[in-house]
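Quick one: sequence and predicted model below, then my questions.
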Amino acid sequence: HFLLRFNFIRRQSTMYSYASTLSRCMQSLYIVPSRFSHFDIVKHELQKIKVNRPIKYPRMYPTKHKDPKYKRMRERKFIKIIVPDFQENTEQLSPQDMRIKAKEQGIPPPRYWNEKPIHISSSTEYFDPYIPPEGDGKMSFVSYEGSKQKVSLLEKKGRSMLAVRKIKSFDENFDIKVFPSEALKIFIEAHESLMEMDADKLHTLVTEKAYPEIVFNTKLKTIRWKFLESVEAARVVHVRCSDILEKNNVFAQITVRFHTKQTLAIYDRFGRLEHGSETVAKDILEYVVFEKYIANEYGIWRIHGKIIPSWIPPKEPRQKTFVKPKSEDLGDKPNFTEQVQETVGSEKDTVKVESA
């Protein structure tokens, strides 16, 4: 019965080995002698059918490619990556162990630099600052003082022309005749961005030196500024170039004279007017310095500051505003004048007592 069952299963499928076929046959038998084990029966039956080769069990390779060709090349496609152990507590490792682990992972050791990196995008001063002539904007060139100013400007024009030639060596498209109109646009955009409190745009229009000076004391303030017209056309009055640290690290500064009509009003956080007026226009004469890092290919012209002459009249101080106390908060407290009269009267009484 066993052999018949064995041959029947063997004919059904050829994918099973002899050992697996025998095990299936043994499962179909209900009575197995207790003195024989399962291994003995399989061994005995194999000797009967004269099987002298080793038992082969079926092996399944679900990830094995059907074509064994180029398997070495397919193996090289994959890189074995050592995944770091994120559960490991690196704080308890000694410096030597950390150095060894970094060396295994190919991480170079840290370098300790004594030098600090420095980025120079603007200068901190004016190169040979322009000195505005006294009475500029009020005198005509026909008068003696006006003609004297004209001669002094011609004397300084030589150094300015050399500086313009230096700028053109770095920027071939630079034109000194077109620059005043470009400077006026930068001037207006800078004031509008300050009015809107747009810090990102303001950084592109003013230098790092001028930014803290412009935004000083503007917190919790409302600024209303408006450009009306130019009384006189803007013109370049001063051009200078200078190098910092190295000979090729060159900065250029151009002083532009603006004579414009503007309106300015500043309100505090409560909406009360502190300075100026939105309706009254004034003629403003300004000397604005523009700077560019011409050694940098991507340098742009930005406002670097203003030159304030010594002869200019002082500005009107702004009005200080206070919170007016309510009458309920004061209550029955005496006024300041009443307190002073009481203190003076008490002093007189003490003097009389001492003299007596």
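The structure has been received and is ready for your questions.

what residues go with each domain of this protein?
The chain breaks down by automatic domain parsing into domains covering 2-48, 144-306.

Could you tell me the average pLDDT over the last one, please?
Read that as domain 144-306. Averaging pLDDT along domain 144-306 yields 88.

didn't Ser122 look like it was pressed against Val206?
No. Using C-beta atoms under 8 Å, Ser122 is not in contact with Val206; the gap is 9.2 Å. Backbone N, C-alpha and C define where each C-beta goes, glycine included.

just the strands in the stretch 51-200 of the chain please.
Secondary structure of the stretch 51-200 of the chain (DSSP state E, counting those that start in this stretch): no strands present.

typo on my end, it should be the stretch 251-356 of the chain
Applying DSSP E, counting those that start in this stretch to the stretch 251-356 of the chain gives strands spanning 273-292, 302-306.

need those strands in TSV with distance to Asp97 and mean neighbour count, can you?
Conversion of those to TSV gives the following (distance: least, C-beta to C-beta, whole Å; neighbours: other C-beta atoms under 10 Å):
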stretch	distance to Asp97	mean neighbour count
strand 273-292	53	16
strand 302-306	52	22
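
out of those strands, nearest to Pro84?
For the strands of the stretch 251-356 of the chain, the distance to Pro84 is smallest for strand 302-306, at 46.8 Å, taking C-beta to C-beta.

Could you point out which of the strands of the stretch 251-356 of the chain sits nearest Asp128?
Nearest to Asp128 among these is strand 273-292 (11.2 Å), distances taken as C-beta to C-beta.

What is the closest one packed up against?
The contact analysis (3 or more C-beta pairs under 8 Å, 6 or more residues apart in numbering; DSSP states H and E) places strand 273-292 against helix 179-195, strand 222-243, strand 250-267, strand 302-306.

neighbouring strands for it, and are they parallel or not?
Paired strands of strand 273-292, with direction, are strand 250-267 (antiparallel), strand 302-306 (antiparallel) (DSSP bridges).

so who does Leu264 touch?
Residues near Leu264 by C-beta atoms under 8 Å, 6 or more residues apart in numbering: Ile223, Arg224, Trp225, Lys226, His275, Gly276, Ser277, Lys282.

how close does it get to Lys221?
Using C-beta to C-beta, to the nearest Å, we find Leu264 at a distance of 12 Å from Lys221.

Could you export the helices and strands packed on strand 273-292 as CSV, including distance to Ser160?
Formatted as CSV, the helices and strands packed on strand 273-292 follow (distance: least, C-beta to C-beta, whole Å):
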stretch, distance to Ser160
helix 179-195, 12
strand 222-243, 4
strand 250-267, 9
strand 302-306, 16
